[in-house]
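> have a look at this prediction, sequence included:
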Amino acid sequence: MHRIILPGLAIASTALNGAAPAMSTAVATQVMVGSDDLDFDACGGVGVVAGLNPRGDNFLSVRSSPSTSGRELFRLKTGHPVNLCDVSEDGKWLGVVFQPAEDEQDFGNCGVGTPLPRQPYSGPCQQGWVSGRYIELVAG
């Protein structure tokens, strides 16, 4: 397991497990951005989707809560950039903010590249929770 430390975030990355998602029973959990320390950007890093099984479904589910029982909101392909903003209590799930596939090139326009006080994300982009094992840190 690799442990990645970002300002205010601890992100764990492990090998694939190939588990199938369960039906949605979890309560939606808002992704939080910002920090009590206004010296840091609202999201602590940037990552890309990586490590998907090419013989599997080859997408990463973005969920409404940090659990396989969270409702699937979006599907991201390998290489899709995401802002790393929040982490679940167990460190296995990341709260991310991202542009949908058709707007992927406008990645920097999510409003999380400057300091903000700690708050639920309410900007122009999409948000949700992804398994940290499928995110490769590229900046932060």
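All right, it came through fine. Residues are numbered from 1 along each chain as shown.

> tell me which element the residue of the chain most remote from its centre falls in.
Distance from the centre of the chain peaks at Arg55, with 23.0 Å (Cα atoms, centre = their mean). According to DSSP states H and E, Arg55 maps onto no helix or strand at all.

> mind starting the numbering at 26 from now?
In the new count, where the first residue is 26, that last one comes out as Arg80.

> mind checking pLDDT for it?
You'll see Arg80 listed with a pLDDT of 86.

> the closest residue to Asp115 other than its chain neighbours: how many residues sit nearby?
Excluding the flanking residues, the one nearest Asp115 by Cβ to Cβ, 6 or more residues apart in numbering is Pro91, at 7.8 Å. (C-beta placed from N, C-alpha, C; glycine too.) Close neighbours of Pro91, defined as other Cβ atoms under 10 Å, add up to 25.

> check for me that Pro91 belongs to a strand.
No: counting by DSSP: H, G, I helix; E, B strand; the rest coil, one finds Pro91 to be coil, located in no strand.

> how far away is it from Pro140?
Distance from Pro91 to Pro140, counting by Cβ to Cβ, to the nearest Å: 24 Å.

> next: Trp118.
Taking Cβ to Cβ, one finds Trp118 at 24 Å from Pro140.

> looking at these two, which is more packed in?
For the pair Trp118 and Pro140, the greater number of neighbours falls to Trp118 (25 against 13), based on other Cβ under 10 Å.

> please consider this matter closed, and thank you.
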